[in-house]
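Novice: Next one to model:
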Amino acid sequence: MNDTRLSICTAEHSDDTLVRSVVEQMLDTATAADVSELFKALADPTRVRIISILAHTEICVGDLCVALDMSQPAVSYQLRILRTLRIVRARKDGKHVFYTLDDDHVYQLYHQGVDHVKHQ
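Specialist: Okay, the predicted model is just below:
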């Protein structure tokens, strides 16, 4: 084969409407990178467990440590990643910092993922 490009479609096309349409719907590079980072954050079981707790209640870091049986630095590290990506948000009350999911999008994304995994 002299052509270095591989073709997966064997039909002859005189109309590129479909290709133009999908290109218009395709995510731009920056948005695709942001979505990829979101899914990378959700690829860690500890972070998913944190989200599973926060999907039901606001909770302080100390109680998260007990629930997860993890040290405070380890939990704080995971929360920092989640906060940077706007998956969770923090609220300070005196010496305590309470965490909750950032918004309903995160709640829905979490539940859609669980529903998909549990679907037979």
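Novice: So, low pLDDT: which residues of this protein?
Specialist: Applying pLDDT under 70 to the chain flags the ranges 1-10, 13-14.
Novice: mind redoing it with 50?
Specialist: For the chain, the stretches flagged by pLDDT under 50 are 1-3.
Novice: mind listing the strands for it?
Specialist: 59-60, 88-93, 96-101 (DSSP state E).
Novice: Need the winner for burial among those.
Specialist: With neighbours defined as mean count of other CB atoms under 10 Å, these peak in mean count at strand 96-101, which reaches a mean of 18. C-beta here means a position set from N, CA and C on the backbone, and glycine is covered the same way.
Novice: how about the helices in the protein?
Specialist: Residue ranges of the helices in the chain, as given by DSSP state H, are 17-25, 29-41, 45-54, 61-68, 72-84, 104-118.
Novice: Strand 88-93 and the last one, what's the angle between them?
Specialist: Counting by axes from the mean of the first three to the mean of the last three CA atoms, to 10 degrees, helix 104-118 points 130 degrees away from the direction of strand 88-93.
Novice: List the buried residues in helix 104-118.
Specialist: For helix 104-118, a neighbour-count test (16 or more other CB atoms under 10 Å) marks 106-107, 109-110 as buried.
Novice: For these, work out which two are farthest apart.
Specialist: Maximum pairwise distance in these, criterion CB to CB, is 7.4 Å, between 107 and 109.
Novice: Please identify which of the buried residues of helix 104-118 is nearest to residue 44.
Specialist: Residue 44 lies nearest to residue 110 out of those, by CB to CB, at 13.4 Å.
Novice: Tell me how far that closest one lies from residue 45.
Specialist: Between residue 110 and residue 45 the distance is 13 Å, computed by CB to CB, to the nearest Å.
Novice: Residue 105 now?
Specialist: Going from residue 105 to residue 45 by CB to CB gives 21 Å.
Novice: Check residue 79 too.
Specialist: 15 Å.
Novice: what do you get for residue 98?
Specialist: Going from residue 98 to residue 45 by CB to CB gives 23 Å.
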